[in-house]
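K.L.:
for reference, the sequence and a predicted model appear below.
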Amino acid sequence: AAERPLILESITVEGATRTHRTTVLHHLPLREGEAVTPGEILDAVAELRASGIFESLDFRTSRGSERGRFVLHLMVTEAPGLDFRFGTGYRDLDGWYLIPAQLRMDNRLGHGEQWRLQVRLGYRIVGLEGILADPRYGDGRNAFKIMFGVYDVDHPYFIDGVEYRHS
């Protein structure tokens, strides 16, 4: 049986204290006044969850002002705006490295932006890396990302059994 589309009358967001409603709508590929099917609602909510803005996200629908119309209610819990992480990584040329500290400030201003600063220490690498990204801005179809990094990497090589290191 084919899914019958209904008109999305309005979208409400409950529980967002830092995140702007327009930011939520940028990450939710549904627009008020559109005809949508239940499958499209599930897909849109899954995309909003994948944005990482919210720690948890539930939704429900209610009747609209007239037959064939409905209201979408999003109940959210925001992810912490400040996060410290630790970890490890591996690249062929650098060997194993530690990320002793990564400071993440995602959605700190409520616009879905991502700010990351991390330090890498390892067998052949020492460095600092930063990322500033806005996954969706303007009409929601544009994005930008600025990355910078400063590294010192040792590249060992051997000639006639003698090891040389080049930084």
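P.N.:
Thanks, I have the structure now.
K.L.:
a helix runs through A46, doesn't it?
P.N.:
Yes - counting by DSSP: H, G, I helix; E, B strand; the rest coil, A46 is located in a helix.
K.L.:
quick check: it vs H27, distance?
P.N.:
Counting by CB to CB, to the nearest Å, the gap from A46 to H27 is 11 Å. To be clear about C-beta, it is placed using only N, CA and C from the backbone, and glycine gets the same treatment.
K.L.:
would you mind telling me which of these two has the busier surroundings?
P.N.:
H27 (20 against 10; other CB atoms under 10 Å).
K.L.:
distance of the residue nearest to that one when sequence neighbours are not counted relative to T23?
P.N.:
Closest residue in space to H27, ignoring its immediate chain neighbours: S51 at 4.4 Å, by CB to CB, 6 or more residues apart in numbering. To T23, S51 is 9 Å away according to CB to CB.
K.L.:
which neighbours do these two have in common?
P.N.:
Here S51 and T23 have G112 as joint contacts, going by CB atoms under 8 Å, 6 or more residues apart in numbering.
K.L.:
compare the two (neighbour count), which wins?
P.N.:
Per other CB under 10 Å, whichever of S51 and T23 has more neighbours is T23, with 23 against 19.
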